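In: give me a 3D structure for the following:
(one chain, ligands or ions: 1)
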Amino acid sequence: MKILIIGSGPVGAAFARVLWEGNQSSRILMVDAGPSLGSRAGLNLKNLSSAAERSAAQIRSQGPARWPYPSLSIHERAATKPGQFGRLARPGTHLVTLDEEELAASGMPAAAMSTNVGGMGAHWTCACPRPGAGERISFIPGSEMDAAFDEAERLLSVSSEVFPATPEGEAIQNALAGVFNARLPAARKIRRMPLACRVEGEERIWSGPDTILGPLAAEAGASERFELRSETICRRLMTRNDRATGALLEHFPTHEKYETEADIIVVAADSLRTPQLLWASGIRPRALGHYLNDHMWTFAAVSLYPELVSSRGASAYRSADNTIGIFQVPFDASSHPFHGQVMHMDVSPLSMDDGSAPEARHVVGTGWSGTKELRYEDCVCFSDSRMDFMGMPAMGIQYQFTAADRASIEAAARDQAEATVALGTPVFGERPILVPCGTSLHYQGSIRMGERDDGDSVCDSRSRVWGFGNLFVGGNGVIPTATACNPTLTSVALAIRSAHHILGFF
Ligand SMILES: Cc1cc2nc3c(=O)[nH]c(=O)nc-3n(C[C@H](O)[C@H](O)[C@H](O)COP(=O)(O)OP(=O)(O)OC[C@H]3O[C@@H](n4cnc5c(N)ncnc54)[C@H](O)[C@@H]3O)c2cc1C
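Out: I've put the predicted structure just below:
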C-alpha cells in the first residue's frame, strides 16, 4: 500500500507514524515544500541552544520573507497600522502575501504560515489543552475522542509537570483558583497547562513533529518504508472518478517535475494551503476554504503583587528560558466560555519587552480567547489567474467580526480583567489589548468535517474528503466547532483517528 502524505507538520507526522507502525506493508512518501532545518526532521527550534542557529533556521522557514523580523513589544504590534504589516509575522512564519494593501483589506492581516520541514510544529509553543464542553465535536462519540486524545498526548509527549513547582507558580495558581474555580466544572479547574515537552535531567525537550515521527525522524530515514522529501511541493492531485490516484510533485532546487502514484493520499498542508491544493486540483466542494475562524486573542501583562510573591519567600527563582510556568483557565461553554492562558513572557507569542526587567517585577502575560461566530462568509479563496510565491493559486482572505464576536471579545476582556485584579497591576493599562486577527495562528474550519455531505463540510468525521474513497485531509482546518483553546492536540487526535480508519483498508 503506497501512501503519500503532503505536509510534514505535527498532523502529517501523526498520520505517518500511525500508518507506518500499524501495517508493515505500508510504504510512505512524505513531501514538504519547505527546506529541512536540521538532521532530525521536524525538530522544535526551541531546543536549539544557539540563538544564531535558531534565528537562521527561522529565516529559512519564512518562505518569501527571508529576513530577521524586528523585535517589537505587544503595544507596538497591536498599534500596527496599514502599511506596516511587515511587523505582524512571528519568527519562523511568513504572512500569506507581501502585498500590504491586500492584507489590510482581508480582515486578517496577521494570517501566516511556515514553510519548512516540520511546519509550524518546528516553531510552536507546545500548549496542548484538551477542548471542553462546547468545543468538542458533537458527532464524534466522546469515548472515541478521549481515546484519540490519549494517543495524541502520548505521541506528543504531553505533560503538566514540565516546569518545577515554584512558590511563584503556586501563588499564581492559587490566585486564579480563588477567582475561577467556583464557576468551573469539577474536572476542569485551574491547572498547570499541559505542554508537549519532556524533561530529561535539567533539560526541557520541546516536542516537534520529530517527537511524533519517533524513529522516522532520524537522519536519512530509519526505514526503507518511509521517505521524506524536502523542498518538494505538491502542485496538483490527480484523480479518476472517486479516487485520488497520485500527485504532481516539483523539487524546487532543480525544478524537476514528476508524477507519483499512491493508493492513499493525505493532505496535511496547513489550514490555508490544504484547501489551496484541493482547489488547484479541481476539487472544490462548496465549503472549501469557508467557515474560516481564528482565535480572537486579548493580551495583558500583569506585574504580580509583591505580597503575592514575597509572602512565599521566593524571588531567587530564575529559569534558563525565563519561564516560571504556564497555567490554564479552562473553557466550558456554559460556565466559562473563554480559554485563558497565564504565562511568563518568553513563551508568549508576542514579545512583552517594554524596556523593564520582567523577572525583577514578576510580570506574567495573560492571553484570553472566546469563540468566533462561524460564518460561511469568512473564508480563504483562491485565484485561477494569480499565483503566490510558490506558484500556487494566490489566496485572498475575507474575514470579519460580527456583533456577537465583538460581544465575546468584550466579555473575554472583562473575564481576563478579573485575573489581572487577582494577580497584580496591569503593565500596559487597564484594558487588555486585542491583537490583530490571524495572530493566534490557529486557523480552523477551512476544510471542516461534517456528519453528512450537505455542502457545509469538506470531509467526513474520519477526515475523508466527500466523494473520494482514498483522499484524506488533516490539520486545524478540519475542526468544525468554534473553539477557544489551542487546536494542535485536537488536530493530531483527529489525524490519529483517521489513520486508524485507513489501517482498516489494508
Ligand atoms: C510561534 C507559534 C506558536 C504556536 N503555539 C501553539 C501552541 O502553543 N499550541 C497549539 O496548539 N498550537 C500552536 N501553534 C500552532 C501549531 O504550530 C499548528 O497548529 C500546527 O503546527 C499545525 O500542524 P499542521 O501539521 O496541520 O500544519 P503545519 O505545522 O503548518 O505544517 C504544514 C506543512 O505543509 C507544508 N506545505 C504546505 N503546502 C504544501 C504543498 N502544496 N506541498 C508540500 N508541502 C506543503 C508546509 O511547508 C508545512 O511544513 C503555534 C504556532 C506558532 C508558529
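In: near the ligand, which residues of this protein?
Out: Residues of the chain lying close to the ligand by Cβ under 6 Å from any ligand atom are 6-12, 31-34, 90, 92-93, 114-116, 119-121, 123-127, 233-234, 268-270, 273, 277, 349, 441, 475-476, 486-488, 491. Backbone N, C-alpha and C define where each C-beta goes, glycine included.
In: among those residues, which are in strands?
Out: In this view, the residues of the chain next to the ligand that belong to strands under DSSP state E are 6, 31, 233-234.
In: what is the most widely separated pair among the residues you listed?
Out: Maximum pairwise distance among these (Cβ to Cβ): 8.8 Å, between 6 and 233.
In: now for the two: what residues contact both?
Out: Common contacts of residue 6 and residue 233 (Cβ atoms under 8 Å, 6 or more residues apart in numbering): residue 31.
In: find the closest residue to the ligand in the stretch 51-200 of the chain.
Out: residue 119 (2.1 Å; Cβ to the nearest ligand atom).
In: which residues touch that residue?
Out: With contact set as Cβ under 8 Å, 6+ apart, residue 119 has these partners: 7-10, 12, 32, 34, 42, 209, 270.
In: now, the residues of the chain next to the ligand that are in helices?
Out: Under the assignment DSSP state H, these contribute 10-12, 270, 273, 277, 488, 491 to helices.
In: rewinding a little: what's the closest of the contacts of residue 119 to residue 405?
Out: Nearest to residue 405 out of those is residue 270 (Cβ to Cβ; 23.2 Å).
In: isn't the closest one right up against residue 8?
Out: No: using Cβ atoms under 8 Å, residue 270 is not in contact with residue 8; the gap is 10.9 Å.
In: more neighbours, those two?
Out: Neighbour count, other Cβ atoms under 10 Å: between residue 270 and residue 8, residue 8 has more, with 32 against 26.
In: do I have it right that that one meets residue 115?
Out: No: counting by Cβ under 8 Å, residue 8 does not reach residue 115; the two are 10.8 Å apart.
In: next, residue 298: secondary structure please.
Out: Under DSSP: H, G, I helix; E, B strand; the rest coil, the three-state class of residue 298 is strand.
In: ok, it - contacts?
Out: Listed by Cβ under 8 Å, 6+ apart, the contact partners of residue 298 are 367-369, 409, 412-413, 416, 432-435.
In: hey, what's it bridged with?
Out: Applying DSSP bridges to residue 298 gives these bridge partners: residue 368, residue 434.
In: pLDDT score assigned to it?
Out: At residue 298, the pLDDT value in this model is 94.
In: quick one: it and residue 436, what's the gap?
Out: Residue 298 is 12 Å from residue 436, where distance means Cβ to Cβ, to the nearest Å.
In: ok, now residue 67?
Out: Taken as Cβ to Cβ, the span from residue 67 to residue 436 is 20 Å.
In: same check on residue 444?
Out: Residue 444 sits 18 Å away from residue 436, going by Cβ to Cβ.
In: of those two, who's got more company?
Out: Taking neighbours as other Cβ under 10 Å, residue 444 and residue 436 compare with residue 444 leading, 27 against 19.
In: quick check on that one: phi, psi?
Out: Here is the backbone geometry of residue 444 (degrees, to the nearest 10): phi -130, psi 170.
In: and it, what is it in contact with?
Out: With contact taken as Cβ under 8 Å, 6+ apart, residue 444 is in contact with 271, 292-294, 476-477, 479, 483, 487.
In: what about those residues, which one has the most neighbours?
Out: Counting neighbours by other Cβ under 10 Å, residue 477 leads the contacts of residue 444 with 33 neighbours.
In: quick revisit: can I get the contacts of residue 444 in CSV with pLDDT?
Out: Putting these into CSV (pLDDT from 0 to 100) gives the following:
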residue, pLDDT
271, 98
292, 98
293, 98
294, 97
476, 98
477, 98
479, 98
483, 98
487, 98
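In: in JSON lines: those, plus distance to residue 105.
Out: Formatted as JSON lines, these follow (distance: Cβ to Cβ, whole Å):
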{"residue": "271", "distance to residue 105": "20"}
{"residue": "292", "distance to residue 105": "15"}
{"residue": "293", "distance to residue 105": "19"}
{"residue": "294", "distance to residue 105": "17"}
{"residue": "476", "distance to residue 105": "24"}
{"residue": "477", "distance to residue 105": "22"}
{"residue": "479", "distance to residue 105": "26"}
{"residue": "483", "distance to residue 105": "27"}
{"residue": "487", "distance to residue 105": "26"}
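In: and of those, the nearest to residue 201?
Out: Nearest member of the contacts of residue 444 to residue 201, counting by Cβ to Cβ, is residue 487, at 31.3 Å.
In: residue 47 versus the closest one, what's the distance?
Out: Applying Cβ to Cβ, the value for residue 487 to residue 47 is 22 Å.
In: how much space separates residue 146 from residue 104?
Out: For residue 146 relative to residue 104 (Cβ to Cβ), the value is 43 Å.
In: what ranges does the stretch 201-350 of the chain have for its helices?
Out: For the stretch 201-350 of the chain, the helices defined by DSSP state H, counting those that start in this stretch occupy 209-213, 270-280, 306-310.
In: which other helices and strands contact the first one?
Out: This points to helix 209-213. Applying 3 or more Cβ pairs under 8 Å, 6 or more residues apart in numbering; DSSP states H and E, we find helix 209-213 packed against helix 10-22, helix 142-156.
In: using PDB, write out every CA atom in the last one.
Out: Once non-C-alpha atoms are left out, helix 142-156 reads as follows in PDB (Å, rounded to 0.1, in the frame of the first residue of the first chain):
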ATOM      1  CA  GLY A 142     -16.800  11.200  23.500                       C
ATOM      2  CA  SER A 143     -15.100   7.900  24.400                       C
ATOM      3  CA  GLU A 144     -13.600   7.600  20.900                       C
ATOM      4  CA  MET A 145     -12.300  11.200  21.000                       C
ATOM      5  CA  ASP A 146     -10.900  10.600  24.500                       C
ATOM      6  CA  ALA A 147      -9.000   7.500  23.300                       C
ATOM      7  CA  ALA A 148      -7.600   9.600  20.400                       C
ATOM      8  CA  PHE A 149      -6.600  12.400  22.800                       C
ATOM      9  CA  ASP A 150      -4.800   9.800  25.000                       C
ATOM     10  CA  GLU A 151      -2.800   8.600  22.000                       C
ATOM     11  CA  ALA A 152      -2.100  12.100  20.800                       C
ATOM     12  CA  GLU A 153      -0.800  13.100  24.200                       C
ATOM     13  CA  ARG A 154       1.500  10.000  24.100                       C
ATOM     14  CA  LEU A 155       2.800  10.800  20.600                       C
ATOM     15  CA  LEU A 156       3.300  14.500  21.500                       C
END
